[in-house]
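Participant: pasting the sequence and the predicted coordinates here, then a few questions.
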Amino acid sequence: MRVIPQSIRGRLLLGALVFTGAALLLASVSIGEVLDRFVRRGLDERLDTQIALLAHAVGPDGRVNRPLLQEIGPFTLHHRGWAWRIEGTDGSVSSNMIQRYERELEEARQARRAERARRRAEEAERRGDIQERDRIRDEARERERALEEWRRRPRSDSTEGLYVRRWRKPSTAGPVTITVVAPREAVDRMRWAIATPLLLSVAALGGFLLVSTLLQLSVGLRPLARLRGSLAAVRGGAATRVPEDQPAELREVVGELNALLDENEAALTRARGHVSNLAHGLKTPLATLAVRLAEPGRDPDGELATLVGQIDQSIRHHLGRARAASPGAPGQPQVPLRAAIEGLAGALARIHADRGVTPELDIPADLSVKCDPQDLDEMLGNLLDNAWRWTSGRIAVSAAQDGGVIRIAIDDDGPGLTDEAATRALVPGQRLDERGDGHGFGLPIARELAELHGGGLELSRSPLGGLRATLALPG
């Protein structure tokens, strides 16, 4: 299974999510530690405040003033698991809840005594007092055994996890110990009370970073989308080069693309030149051979004429394909149709000036066809020349958009063709009238070029009474 996406957008998004998630996780851990210290400090201050209130009830001689303890208020009394104890010189005073915590308090006391004994043994060893060290070590071992004994005793309730704060107050009769106890869940409640808005803030920050990342990707990858559109325009013929006004990271790529387009265009130009020379070198001999074979007695069974026709058709087909496109070349340009037809009509009007015909043009100015300009001139030239040859005085040229196809209709008021004659007229070398020059290749060439460009050619009856040639080309 592929983990890394294939798209640049997917890779950038995955990287942003991974690094943003890691940063947020690290920030959450760091905030958690700082928050834990903050909560503990806050709880210590709260317990120290309670200790200070309890200390007011202890006199200079270490005796506890019980009436004053009652006057301090409900903060010093049992409330939701909070408890306290004052060990004065005249006895011990505690809240009602403290009895539940005796085990934990005694365990904590034993642990502190064992720790103090270990520290004293280490100090005696540093001083070199071996006898004192051994005595203290024995004492430490006794205290550790007592601590283990406390820990092995069965528990009667679930009061584990106390938070204890203790303070020793000196007095004239001896020290007084004040102990306050808070349940461990108090720390958790305080932590969650503060952590909840922080976690919500971190989640909101994560969402904001995600949206920012998506916007950044959209803005940052927009030049690639424009570059793709520019390449599509070149392939579709709407442009010949990719604009060089690109971000710095894409300029070298665009330069290489334009250099490749230049090389392909030069190669296509050379190939078209060779194709044109080859076409001129083969078309006339083959046409002449076909005409000679059509003479009586030259080809009694028509076998040679069939072979010549197949050779001619194959040559023109492959030469036409080479003329229409070249591998790797940019797409065929969009040729404005009205300008192309007006130029051809003007030239043919001068060539056939003796006919005195002015064609009627009905072509929208915004129509363009996706076709090689030379091929378009050859197709329209053959069809218009045919109309001029057979018209009685009127020629009409119209064009219209039909979905993605442009249909160009060339009508004349000449004698026209029957359906059978129209079919024969599209066969190479089939002349329907032996008068005049030509070898009968004009209409077939126009049809094959149209088909090579993704269109077609149809012959039908014209509303003017003559022939209608409808040329279909991609728009």
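Facilitator: All right, it came through fine. Bear in mind that the values here come from a model prediction, so they are computed numbers and not experimental data.

Participant: now do the helices in the stretch 201-350 of the chain.
Facilitator: 222-236, 248-293, 303-324, 337-351 (DSSP state H, counting those that start in this stretch).

Participant: as TSV, the ones you listed with distance to residue 119 and mean neighbour count would be great.
Facilitator: Glycine gets a C-beta too; all of them are placed from N, C-alpha and C. Output for the helices of the stretch 201-350 of the chain, formatted as TSV (distance: least, CB to CB, whole Å; neighbours: other CB atoms under 10 Å):
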stretch	distance to residue 119	mean neighbour count
helix 222-236	69	15
helix 248-293	66	14
helix 303-324	98	16
helix 337-351	103	16
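
Participant: comparing these by mean pLDDT, which bottoms out?
Facilitator: When the helices of the stretch 201-350 of the chain are compared on mean pLDDT, helix 303-324 scores lowest, with a mean of 70.

Participant: just put the helices of the stretch 201-350 of the chain in CSV and tack on distance to residue 358.
Facilitator: As requested, these are arranged in CSV below (distance: least, CB to CB, whole Å):
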stretch, distance to residue 358
helix 222-236, 35
helix 248-293, 32
helix 303-324, 32
helix 337-351, 7
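
Participant: before we move on, what SS does the spatially most central residue of the chain have?
Facilitator: Against the mean C-alpha coordinate of the chain, by CA atoms, centre = their mean, the closest residue is residue 9 at 3.4 Å. Classification of residue 9 using DSSP: H, G, I helix; E, B strand; the rest coil returns helix.

Participant: looks like it contacts residue 219 (just checking).
Facilitator: No - using CB atoms under 8 Å, residue 9 is not in contact with residue 219, being 12.0 Å away.

Participant: now residue 463. Nearest residue, chain neighbours left out?
Facilitator: residue 411 (6.5 Å; CB to CB, 6 or more residues apart in numbering).

Participant: looks to me like that neighbour is in a strand.
Facilitator: Yes - according to three-state DSSP, residue 411 belongs to a strand.

Participant: who does it bridge with?
Facilitator: residue 396, residue 468 (DSSP bridges).

Participant: so what's the residue count around residue 142?
Facilitator: The tally of other residues near residue 142 (other CB atoms under 10 Å) stands at 13.

Participant: host element of it?
Facilitator: If you go by DSSP states H and E, residue 142 is part of helix 130-152.

Participant: need the next SSE after that helix, C-terminal direction.
Facilitator: Helix 130-152 is succeeded, C-terminally, by strand 162-169 (DSSP H and E).

Participant: elements contacting the helix or strand following that next one?
Facilitator: Going down the chain from strand 162-169, the next helix or strand is strand 176-183, by DSSP H and E. Helices and strands touching strand 176-183, by 3 or more CB pairs under 8 Å, 6 or more residues apart in numbering; DSSP states H and E, are helix 8-55, strand 83-88, strand 162-169.

Participant: 10 Å instead, please
Facilitator: On a contact count with 3 or more CB pairs under 10 Å, 6 or more residues apart in numbering; DSSP states H and E, strand 176-183 meets helix 8-55, strand 83-88, strand 91-94, helix 102-127, strand 162-169.

Participant: I'd guessed residue 23 sits against residue 206; true?
Facilitator: Yes - applying CB atoms under 10 Å as the test, residue 23 and residue 206 come out as touching, 9.4 Å apart.

Participant: the more surrounded of these two?
Facilitator: residue 206 (16 against 13).

Participant: residue ranges with poor pLDDT in the stretch 101-250 of the chain?
Facilitator: 101-110, 143, 146-162, 237 (pLDDT under 70).

Participant: try 50 this time
Facilitator: Low-confidence segments of the stretch 101-250 of the chain (pLDDT under 50): 153-160.

Participant: what about the nearest residue to residue 356 once chain neighbours are set aside, distance to residue 115?
Facilitator: Residue nearest to residue 356 in three dimensions, not counting chain neighbours: residue 393, with 7.6 Å by CB to CB, 6+ apart. In this view, residue 393 and residue 115 are 124 Å apart by CB to CB, to the nearest Å.

Participant: before we move on, what about residue 256?
Facilitator: 75 Å.

Participant: related to what we said a few turns ago, the residue nearest to residue 356 contacts residue 352, correct?
Facilitator: No - look at residue 393 against residue 352 with CB under 10 Å: they stay out of range, at 11.7 Å.

Participant: higher neighbour count, these two?
Facilitator: residue 352 (16 against 12).

Participant: which residue packs closest to the more buried one, ignoring adjacent ones?
Facilitator: residue 388 (4.5 Å).
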